[in-house]
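# quick one, fold the following:
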Amino acid sequence: MPRKPINTSKADENSAPGGASSVDRALSLLDVFTPEATSFSLTEIAKQARLYKSTALRLLASLQHKGLVQRKTDGTYSLGPQIARLHAIYAASFSLEEIVMPALRELMLQTKESAAFFVRQGEFRLCLYRVDSPQLVRDHIRVGEVLPIDRGAGGRLLLAYSGEQGELYDRVRKEGIAMLVGDRVPELSGVSAPVFNALKGLAGAVTLTMPTARYSETLAEPVRAAAMRISSKLCATGFSQR
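Numbering: from 1, shown residues only. As a prediction, this is how the structure comes out:
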């Protein structure tokens, strides 16, 4: 009679309803690999997956055939090149809009002020996405509008993280946020935080604008949090374009 594992395999403990157990077991071997541990021997893989070595070997052979794992010269296994191809396809399925807009909507709902995402275009900045404040008194920037990069919280933030020198820009980099009153228009103020892509480069700036009478330093944390959420999702999806 065929041998039965003494312990239930990890795949069997979390099998897909209506799925194929052999596929569950094969894919469970991929869960062994982590950023801290990128290669394992057959014995180690079988032990972690709680499978017989003979079973793990057959499953690894199938994964290796499809390029999902590779066998190194020292006999250990690591993830294969097909993982990178699949990740590239996964990352391409996300658009910047799908990541940025939900964060801007949430920021606007939290603060009731206008939230926008700016990117640098040479010596100017472009409003790429925006969610308007529901309040009657607000600024009236539109998506696609080009603004000076050397005035306003969003522009100053983009300059700071592009290496601009000066006391203001040093402070923005140190604090991780730009908070300016009446810098572009006396009646308007802004709060802006940087967004980074998967390559740790500057992707843009989340900017909250409001009439100066409604400006408050308490707006810093919601803006920071929105920028961090976008950065985290860009990194998770491998998004590296501006």
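# got the phi/psi numbers for the residue nearest to residue 50 when sequence neighbours are not counted?
For residue 50, ignoring the flanking residues on the chain, the nearest one in space by C-beta to C-beta, 6 or more residues apart in numbering is residue 9 at 4.6 Å. (Each C-beta comes from the backbone N, C-alpha and C, glycine too.) Backbone dihedrals for residue 9, given as degrees, to the nearest 10, come out at phi -70, psi 160.
# and if you look at the one 10 residues further on?
Torsion angles at residue 19 (phi, psi; degrees, to the nearest 10) stand at phi -90, psi -180.
# same question for residue 75.
Residue 75 has phi and psi values of phi 90, psi -10 when expressed as degrees, to the nearest 10.
# setting aside sequence neighbours, what's the nearest residue to it?
Using C-beta to C-beta, 6+ apart and skipping the chain neighbours, the partner closest in space to residue 75 is residue 41 (6.7 Å).
# same check, this time on residue 185
When the adjacent residues along the chain are set aside, residue 185 lies closest to residue 139, with 7.6 Å between them (C-beta to C-beta, 6+ apart).
# separation between that neighbour and residue 98?
The span separating residue 139 from residue 98 equals 25 Å under the rule C-beta to C-beta, to the nearest Å.
# give me the more crowded residue out of these two.
Neighbour comparison, residue 139 and residue 98: the larger count goes to residue 139, with 20 against 11 (by other C-beta atoms under 10 Å).
# residue 208 contacts residue 107, correct?
Yes: with contacts counted by C-beta atoms under 8 Å, residue 208 reaches residue 107, the gap being 6.6 Å.
# what do these two both touch?
Common neighbours of residue 208 and residue 107 (criterion: C-beta atoms under 8 Å, 6 or more residues apart in numbering): 115, 222, 223.
# can you pick the most crowded of those?
Most neighbours among the shared contacts of residue 208 and residue 107, by other C-beta under 10 Å: residue 115, with 28 neighbours.
# from what I see, the residue nearest to residue 185 and residue 114 are in contact.
Yes: under the criterion of C-beta under 8 Å, residue 139 lies in contact with residue 114, with a separation of 6.1 Å.
# need the overlap of contacts for the two.
Between them, residue 139 and residue 114 share these contacting residues under C-beta under 8 Å, 6+ apart: 209, 210.
# could you check the distance from the residue nearest to residue 185 over to residue 209?
Taking C-beta to C-beta as the measure, residue 139 and residue 209 are separated by 5 Å.
# likewise residue 215?
Taken as C-beta to C-beta, the spacing of residue 215 relative to residue 209 amounts to 10 Å.
# more crowded one of those two?
More neighbours sit around residue 209 than around the other of residue 215 and residue 209, counting by other C-beta under 10 Å; the figures are 25 against 20.
# returning to what we had before: between residue 215 and residue 209, what contacts are shared?
Applying C-beta under 8 Å, 6+ apart, one finds that residue 215 and residue 209 are jointly contacted by residue 189.
# where does the prediction get shaky in this protein?
By pLDDT under 70, the low-scoring segments of the chain are 1-7, 88-94, 238-242.
# which stretches in it count as helices?
Counting by DSSP state H, residue ranges of the helices within the chain are 10-13, 21-28, 42-49, 53-65, 81-92, 96-111, 153-160, 167-175, 220-237.
# would you mind giving those as TSV with distance to residue 184 added?
What follows is the helices of the chain, written out as TSV (distance: least, C-beta to C-beta, whole Å):
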stretch	distance to residue 184
helix 10-13	57
helix 21-28	53
helix 42-49	57
helix 53-65	56
helix 81-92	35
helix 96-111	19
helix 153-160	8
helix 167-175	14
helix 220-237	17
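# so which of those helices is the most surrounded?
Of those, the one with the most neighbours on average (mean count of other C-beta atoms under 10 Å) is helix 153-160, at a mean of 28.
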